[in-house]
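Asks: Any chance you can model this:
(2 chains)
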Amino acid sequence: MRERPLTRNIRPGRPPPDLAATLRVGGYQAARRALTRMDPAAVIAEVAASGLRGRGGAGFPTGRKWSLLPKAEDRRPRVLVVNADEMEPGTFKDRLLLEGDPHQIIEGALISAFAIGAGTATIFLRAEYTLAAQALAAAIAEAEAGGWLGRDILGSGFSLELRLHVSAGRYICGEETALLSSLEGRRAIPRAKPPYPAASGLWGDPTVVNNVETIANVPHIVANGAEWFRGLARGADGGTKIYGASGRVKRPGAWELPMGTTIREIVEDHAGGMRAGYRLRGLLPGGASTDFLLAEHLDVAMDFASVEKAGSRLGTGTMIILDDRTCPVAMVHNLERFFARESCGWCTPCRDGLPWVERILAAIEAGDGQPDDLALLAWHTQALGPGRTFCAHAPGAMEPLQSGLKHFRADFERHIAEGGCPWK
Amino acid sequence: MEMTVQISIDGRAVTVAAGDNLLRACLSLGYDLPYFCWHPALGSVGACRQCAVKQIHGDGDRRSGRIVMACMTPVAEGMRIAIADPEARAFRAGVIEWLMTNHPHDCPVCPEGGECHLQDMTVMTGHVRRRYRFTKRTFRNQYLGPFLQHEMNRCIACYRCVRFYRDYAGGRDFDVFATHRDVYFGRHADGVLDSEFAGNLAEICPTGVFTDKPLETDYARKWDLRGAPSLCVHCGLGCNTTVNARAGRLRRVLNRYHPAVNGYFLCDRGRFGHGFTTSGQRLRAPLLRGRPVPPDQALARISDILAQGTAIGIGSPRASLEANFALRHLVGPANFHLGLPAAEARQMAAIRRITAGPVTIAPISEAERADAVLVLGEDLPNTAPRLALALRQAVREGSFVFAETLGIPRWHEAAVRTAAQPVRSPLIVATPAATRLDDVAARAARLAPDDIARLGFAIAHALDGGAPAVPGLPADLAALAEDAARALAEAHRPLVVTGTGCASSAVIEAAANITLALHRRGRPGARFHPVVPACNSQGLALMGGRSLDDALAALAAGTAETLIALETDLYRCAAAADVDTALAAARHVIVLDQVRTPTTDRADIILPAAAFAEADGTLVSNEGRAQRFVQAFVPAGAIRESWRWLRDAGIAAGRPDFAGWTGLDEVTAACAHHLPDMAAIVGAAPPASFRIAGARIAREPSRTSGRTALAAEISVHEAKPPDDPDTPLAFTMEGYYGPMPPALLPYAWAPGWNSVQAINKFQQEVGGDLLGGPPGCRLIEPRPDATASYGGGVPAAFAARAGQWLIVPMHEVFGSDELSRLAPAVAERVPAPYLALADGDAARLGLGEGDAVILELAGASLSLTARIGLGLPGGLAGLFPALPALPAWGIVAKGSALA
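Replies: Predicted structure coming up:
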């Protein structure tokens, strides 16, 4: 049977396992092993060897991220932050883990904090995830009562205070430095890098920010070893991945599959293929801020390198599918409206460029497009590119636009030429 | 020596300061690279993305480069940069185009028009054609008080305002609200901005969101405003200003950059206090027993009076050296008295003993870099606001050092603030009442003046056992003294600030012991800063003279018949009864002043004196820097410089020695000649004979318009412009404008740079020294070989008295200064007279905040409102406005009890 370590305890529609149930199925044994039989360097080495890459979208190798923290001579306290601010449109993989198995996240946070020497850890949770907030709060209370959090855990001398922080609800808080600003009670504005959080993070202290799914993998790597973890995947990147699909497929949802599963398998086998009368026209492979792929890319493996080679990004691995009866201009407009609204307002290109893009798209969709509009949109895809804006928000917003203009150009031109949306 | 690196800009090899950011390096080299969010005093945050350049990799060509933000990019050896790169240029034009999607393009009706950084940068990038065809976002504006106009639609969201107001100046009632393109900069609701530095937003804002509100009631464009380099006359710090006038009226005051003094910022007293020059209190004609007379008639009368008997003069700490010297010369040194309260004269003498010693007086720029600061007795935000602003930055000194250990450069503003959040350099404040610096102070102690002095003496003793000890110090004060001594001893650049603010010589003596103890412990970086009340207090102290009490006694006793009072309201200097007696006994009272005062009301002859912008002269600041202020315009009517009135009086009286004083230079030279301490003042600015390319410097920009229209209702013929015998500046647009000695700079402008940020072009490095060196000359330098010894006057501990309160002075940035409070805009900010009480004392008296309270003091009964919550120790009460005889014991009662 296929191994699915991350979701093995999750029973959809049923409450998550409590501490007793978690312990019965071997939960916290990895934490016991790490805290009592390993030193932090060994944990970091194991995670580095596993090939685990960040599951929040950027795919930075987790072991390397941890080893970027300053040397022990730096006396500042270290901080772990679990990024549970899952707000990427079309993405709901972390929700599955948070609601379905909160103790797995706590155990992951415990081992990760031990590895980096953090005495405090914070889970930064999306405002709307109220079920997850309840589940996490209950699980944290259980873990504290059971001695899995707090002072001198398992007599190891290691102590961890784990806090749950519920966001006030901005997409930009998912950007790790905006998240830190927000946690400090400041405006959720990203920070200039360098310095990276490893050097100067929460309250200026050395900080690691990891995604929920990343953290969830850590106990399994510690329990079963890097070799096992690599063996779970089909390609170079280790482990499993929670893939998802939304759009007009027969069974939208999320599934834990070997890293490197092809798009075709995900869409056809797990999502059940397109609904009757709909054809797949394109897809955003990893959330709203990734480039469109087309039907010709169905056999691309969903791992970091393969998706990039195909012209997009793995992102969160949860895809949004565009069918042949939906207007691609309207879809892109909908996305850009979201990105314009969620701009934090700090840098000029994003703050003032995205609303312009959004208005042009609205005009095209409404039949008020002008011939020069496509050139203006294309200019924005360049001018809002990486390095020109303060953070990755606007460049991410440009990915569906630039690929939409490339792949669906005829649709845009028809809107302008015909003075309206052909789908309406 | 400063480390440098070689980089290449557009193919040209240049040398820049190592560790700098690329934007500052480019601007300092004279390149026109547009920017908004960066400011030399606020550092880099990378928000506006306007300063994009291309960084070229290795030996590659342009195509291999990538766009970087110059302000966020550290210079590095061998770095190759292209400003002229087409892709970078297009991006910079694009940034303007984005900003313009919301900017209302209302330049013709915008008060910033013609001196707008946004206009300048727009032209610089070449963006000319609008492609955005959708609606602009609009906002509701706020009422922000009497100083600033708010027009949010013009906002380009550079975040400078909020960074200055909150991060730099410590204000709390202003912020940025909302997100995305709706970001809004203002208060949570309409209301007066609290911060005494709010007016700087008019210069910090790169466009017309925050503009000078008083100017808008009497508006003129920058190109129509005549300028002159001037000085702030509203406290002792000597901040440099640019004064702007048109049609014979002073319109506004702007900051004039001085690297060692005010840098880029003024306080609102200094920026808006000039309104007294056009207030209803202004004196405009000579008055003989209340009747306007021609100047010659007034002078003839004075000539008669001077022939009759002994005249004594009372000089003024708010008048120029030249005016004071002219009076001293007219009445003779033996008859020249200092227009200071007796206690203040003693405090100035105590300060003089410190400044004659081995420790250097810190200019504000050095105070800003102090790494440990002790403030003894001085409510700096109210008595020396610009210094308080500097100390707010000094508190960050340790954080820059800490950030450096993480490889974060000083200019990387947000990163420094994030990385070094808990790190602060120690600031210790000991004052009778709470101050607006307390929020960044490591320790803030509320003590009676004598206890502040005892604390200071104890700190000195802790630093050097040779300094006298303080017997019977309570344990908490002893511990504070130890902590303060340790903080000062561990610092590289410790600073002690004290002054006349709490009206205690003992406090100053204590500060003297501390500075001497630091010196004896071998701290060459130790500095001292004396806070004095008026713009020329230090100058008057250097000049010296007899006490005011002597003058009043001589008049009362009849040994002197005539009093000539120069720009002094005697009722602010001595008890009213004593002044009444002296003035009643005097046969003739001659007063020169700019405004009506209770003293002018008692004068036989009043001569209308020119205000700072209408006159030239020299003032000596807290730090002992002699600086020249230059006339902006010739006032209408018979208003003249005080020194000119006194010269003319001397000539009228037949004194040949006055005949040679044809211009200011001769007066300055005579002053320097007669007073050796003043020898250097002739060098404070170039003389009237100074010319560049044979020409005077033009006070008016070359685009000045309406010369013949201004007085067209009188005559359409253009009047001959006035001559200026006192300075090398011309009153018109005819003359030289360009590189010049900065003490003469009438306004800042350079091609393509019409806003205040044109000052970049007059600096050696942006935010650094001025081309031509810092204006002014320091008269008070340390004497390392001075034989100073510790003072031993440790006072007894303050003991509260049953049924009585020790009344100490309270200072208000808006209200304590004699002249600025007459400005209509400032007057709106002056609090009602109040008595500040300890919370416990107020409770016992049954008084709450704002309740009516009666103070019986020296036989008078004052009706005041009660203020609580300022932390005063029990038995002490603070009076605003202060009286000259403080501190003194008084009786306090609930208002209704006596009413």
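
Asks: What score does the closest residue to chain A within the stretch 301-450 of chain B have for pLDDT?
Replies: Nearest to chain A, among the residues of the stretch 301-450 of chain B, is residue B:419, at 3.9 Å (C-beta to the nearest C-beta). From N, CA and C alone the C-beta is placed, and that goes for glycine too. The model reports residue B:419 with a pLDDT of 94.

Asks: again, but for residue B:370
Replies: Listed pLDDT for residue B:370 reads 97.

Asks: Contacts only, for it.
Replies: By C-beta atoms under 8 Å, 6 or more residues apart in numbering or on different chains, the residues touching residue B:370 are B:362, B:391, B:394, B:397, B:425, B:491, B:493-495, B:527.

Asks: What parts of the stretch 201-350 of chain A come near chain B?
Replies: A:203-204, A:340-349 (C-beta under 8 Å from any C-beta of the partner chain).

Asks: quick one: secondary structure of residue B:156?
Replies: Following DSSP: H, G, I helix; E, B strand; the rest coil, residue B:156 is assigned to coil.

Asks: ok, it touching residue B:206?
Replies: Yes. Contact criterion C-beta atoms under 8 Å: residue B:156 and residue B:206 qualify, at 6.9 Å.

Asks: Common neighbours of these two, please.
Replies: B:36, B:118.

Asks: helix or strand for residue B:381, which one?
Replies: Using DSSP states H and E, residue B:381 maps to helix B:380-383.

Asks: That helix: which residues count as buried?
Replies: Within helix B:380-383, the residues scored as buried using 16 or more other C-beta atoms under 10 Å in any protein chain shown are B:380-383.

Asks: rewinding a little: for residue A:76, see how far away the residue of the stretch 301-450 of chain B closest to chain A is.
Replies: Distance, residue B:419 to residue A:76, by C-beta to C-beta, to the nearest Å: 10 Å.

Asks: Show me the common contact partners of those two, please.
Replies: residue A:204.

Asks: picking up where we left off before, which helices and strands does the helix holding residue B:381 pack with?
Replies: The contact analysis (3 or more C-beta pairs under 8 Å, 6 or more residues apart in numbering or on different chains; DSSP states H and E) places helix B:380-383 against helix B:385-394.

Asks: hang on, residue B:585 packs against residue B:558?
Replies: Yes. Counting by C-beta under 8 Å, residue B:585 touches residue B:558, with 6.2 Å between them.

Asks: Tell me which of the two has more neighbours.
Replies: residue B:585 (16 against 12; other C-beta atoms under 10 Å in any protein chain shown).

Asks: Can you classify the residue lying closest to residue A:363 once chain neighbours are set aside by secondary structure?
Replies: Leaving aside its sequence neighbours, residue A:363 sits nearest to residue A:369 (C-beta to C-beta, 6 or more residues apart in numbering or on different chains; 5.6 Å). Assigned by three-state DSSP, the conformation of residue A:369 is coil.

Asks: For the residue positioned nearest the centre of chain A, give me its contacts.
Replies: For chain A, the residue nearest the mean C-alpha position is residue A:56 (2.7 Å; C-alpha atoms, centre = their mean). By C-beta under 8 Å, 6+ apart, the contact list for residue A:56 reads A:83, A:174, A:210-211, A:213-214, A:316.
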